[in-house]
Structures are given as C-alpha cells and as structure tokens.
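Novice: Fold the following.
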Amino acid sequence: MIKKLYNIIKQRKRWIVLFIALVLFFIILQSMFFDRIIKFDTNIYKLISKTISPIITIFLKLVTNLGGAIGIISITIALLITMKNKHYRICIVINLFIITLINQILKFIIQRPRPEEFRIIEESGYSFPSGHSMVSMAFYGLLIYIVYKEVKNKYIKNILSITLVGLILLIGFSRIYLGVHYASDVFAGFLLSISYLIIYTKIIDKL
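Specialist: Residues are numbered from 1 along each chain as shown. Alright, predicted model coming up:
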C-alpha cells in the first residue's frame, strides 16, 4: 500500500507541486485582500533590514537588474545569438512574453500599492505579484530545465542549476531589501511562476 502510494506520488509529483503552489498563492492573495498579511510582511522586512549596508545595497542593486527588463532582454538576446537549438530559442521568447503578460494583467486587476516607508530605489507600477520575482523564476527556471535536458556533464549541470537557483532567490530577496516589494509579493510571484513553469515545460516535453 505504501509502495503503491509512493509510486503514485512519484508519477504525479509535478502536478502535486503545481497544486500546492497554487493553493499557497491563493492563500497569500486572500490574506492580502483581508489585510491579514501585513504583519507577516512587516516582520520579514524588519528581519531583512538588519542586513542593510552600503556594500550589500550596491551588490543587490546589480542583482535586481538581472531580473529587470533590460537585464532579462539582454540575456535573451545573448541566448538567441549563441544557442544552436532553434526549438529552445523559440521557447525562451514565448516564455518571456507569456509570463510578462500574466504578471501585468494580475497587477492591473489587483492594483496593490508598493511599500513606501523604506524604499531604497524608486520603482513605478503596482506591487502584487512581484514582476521581477515572477519573470526571474519563469525565465531562469526555464534555463534550469534546458540545462538538465541538454548538459551531459553532471558536475557542470549541478553547478549551473545551483547558480541559477541562487540568482532567482537573490533577485527576490533584493526586491524586499530595496523596499519596492512586500515579502508576500515576492513569494506569490515565485509560487505562480512555479505553477506556470510546470505547465509550460510539460508542453515543451510533448512538443
């Protein structure tokens, strides 16, 4: 019985992760609408604010640009020039377009104002969900998928994957640190992009 359950979970793990991520996203969304998330966001920022220093601020300003429009588009152009696989080049462009569109639609519908109190850099637009977090998770997450599919050397594969995961997390962290997003904006962006990536990569697998 346990072995059978384990096999079912193993076969359906992708969809289980998708379900959990979506449930957590809607819990955050509901908590935000009923103002139950503010205390959580405040506590997270207080914790992060203890790390503020000039050197870390300069570093995270550079990191956050890797999740912004200029950074992502620059990397996309470089990949389009250097990647030999036409299929993956198309997938990267379509992926970037879809996730950006989803984020902008959600921001327009929800219209959560950005935090004002501790802003280190200026940012316009709405706050929820974090565009940097959503786009970074989808964009660099797809690169992790491609790395696992195409890179044969396990050592290089692991190094590249860990580096990309670290970059995604740092970009999310930078948005809270720089005071342009609440923690719930970042977590919601990550969760939604994880759900989206599961579906998107499944489509790629079939194609």
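
Novice: Look up the pLDDT of the residue nearest the centre of the chain for me, please.
Specialist: For the chain, residue 137 is the residue whose C-alpha lies nearest the centre (CA atoms, centre = their mean; 2.7 Å). Note for residue 137: predicted pLDDT of 95.

Novice: same thing with residue 8?
Specialist: 59.

Novice: same question, residue 1
Specialist: At residue 1, pLDDT is 58.

Novice: circling back to that earlier point, these two touch, right, the residue nearest to the centre of the chain and residue 195?
Specialist: No - look at residue 137 against residue 195 with CB atoms under 8 Å: they stay out of range, at 10.1 Å. All C-beta spots, glycine's among them, are computed from the backbone N, C-alpha and C.

Novice: and the closest residue to the residue nearest to the centre of the chain other than its chain neighbours, what element?
Specialist: Sequence neighbours aside, residue 193 is the residue nearest to residue 137 in space, at 3.5 Å (criterion: CB to CB, 6 or more residues apart in numbering). Using DSSP states H and E, residue 193 falls within helix 183-206.

Novice: now swap in residue 137 and tell me
Specialist: Taking DSSP H and E as the criterion, residue 137 maps to helix 131-150.

Novice: Other residues contacting the helix or strand just after that helix?
Specialist: Sequence order places helix 154-177 as the next helix or strand after helix 131-150, per DSSP H and E. Residues outside helix 154-177 that contact it (CB atoms under 8 Å, 6 or more residues apart in numbering) are 44-45, 48-49, 51-52, 56-57, 60-61, 63-64, 66-67, 120, 130, 132-133, 136-137, 140-141, 143-144, 147-148, 151, 181-183, 185-187, 189-190.

Novice: hmm, which of those are the buried ones?
Specialist: Neighbour-count burial (16 or more other CB atoms under 10 Å) applied to these gives 44-45, 48, 60, 63-64, 66-67, 130, 132-133, 136-137, 140-141, 143-144, 147, 181-183, 185-187, 189-190.

Novice: and the residue nearest to residue 137, how far is that from residue 103?
Specialist: According to CB to CB, to the nearest Å, residue 193 and residue 103 sit 9 Å apart.

Novice: Now for the two: what residues contact both?
Specialist: In contact with both residue 193 and residue 103: 134-135, using CB under 8 Å, 6+ apart.

Novice: Check which residues of the helix holding residue 193 are buried.
Specialist: Within helix 183-206, the residues scored as buried using 16+ other CB under 10 Å are 183-198, 200-201, 204.
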